[in-house]
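Visitor: only the shape, not the letters, is given here:
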């Protein structure tokens with residue numbers, strides 16, 4: 001399944017891997033040997049994050065559909 005949340009992918013020197021983070025879903029991130037691998041992993045992580053939030057009765061934010069402003 002493809003989600004419409006913004007994903008930020010970056011190289012982590014500390015972990016020596018690509019990291020994909022989903023800012024709209026706190027704590028939702030994944031990693032991979034390439035940017036594409038990290039993106040594929042985070043798609044699965046998003047699904048798990050949403051499933052867990054629903055099981056716990058927590059609100060699942062709707063994707064904003066536009067670029068986030070991070071400081």
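Guide: Alright, I've got the coordinates. Everything quoted here is computed from the prediction, not taken from an experiment.
Visitor: tell me the centre residue of the chain?
Guide: residue 22 (3.1 Å; C-alpha atoms, centre = their mean).
Visitor: need the contact list for that one.
Guide: 5, 6, 7, 8, 28, 29, 42, 45, 46, 49 (C-beta atoms under 8 Å, 6 or more residues apart in numbering). Where you see a C-beta, it was placed from the backbone N, CA and C, and this is true even at glycine.
Visitor: at 7 Å instead, please
Guide: Counting by C-beta atoms under 7 Å, 6 or more residues apart in numbering, residue 22 touches 5, 7, 28, 29, 42, 46.
Visitor: and for residue 20?
Guide: 7, 9, 29, 30, 38, 39, 41, 42.
Visitor: isn't the first one up against residue 41?
Guide: In other words, residue 7. No: contact criterion C-beta atoms under 7 Å: residue 7 and residue 41 do not qualify, at 10.6 Å.
Visitor: among the two, which residue is more densely surrounded?
Guide: Taking neighbours as other C-beta atoms under 10 Å, residue 7 and residue 41 compare with residue 7 leading, 22 against 17.
Visitor: distance check, that one against residue 55.
Guide: 23 Å (C-beta to C-beta, to the nearest Å).
Visitor: before we move on, what about residue 47?
Guide: Taken as C-beta to C-beta, the span from residue 47 to residue 55 is 13 Å.
Visitor: tally of neighbours for residue 17?
Guide: Neighbour tally, residue 17, other C-beta under 10 Å: 15.
Visitor: which pLDDT value goes with it?
Guide: Residue 17 carries a pLDDT value of 97.
Visitor: quickly find the element holding the spatially closest residue to it that is not a sequence neighbour.
Guide: Residue nearest to residue 17 in three dimensions, not counting chain neighbours: residue 31, with 4.5 Å by C-beta to C-beta, 6 or more residues apart in numbering. With elements taken from DSSP states H and E, the one containing residue 31 is strand 29-32.
Visitor: that older thread, highest neighbour count among the contacts of residue 22?
Guide: Busiest of the contacts of residue 22 [other C-beta under 10 Å] is residue 42, holding 26 neighbours.
Visitor: tell me the SS of the most far-flung residue of the chain relative to its centre?
Guide: Within the chain, residue 57 marks the point farthest from the mean C-alpha position, 20.0 Å out by C-alpha atoms, centre = their mean. Per DSSP: H, G, I helix; E, B strand; the rest coil, the secondary structure class of residue 57 is coil.
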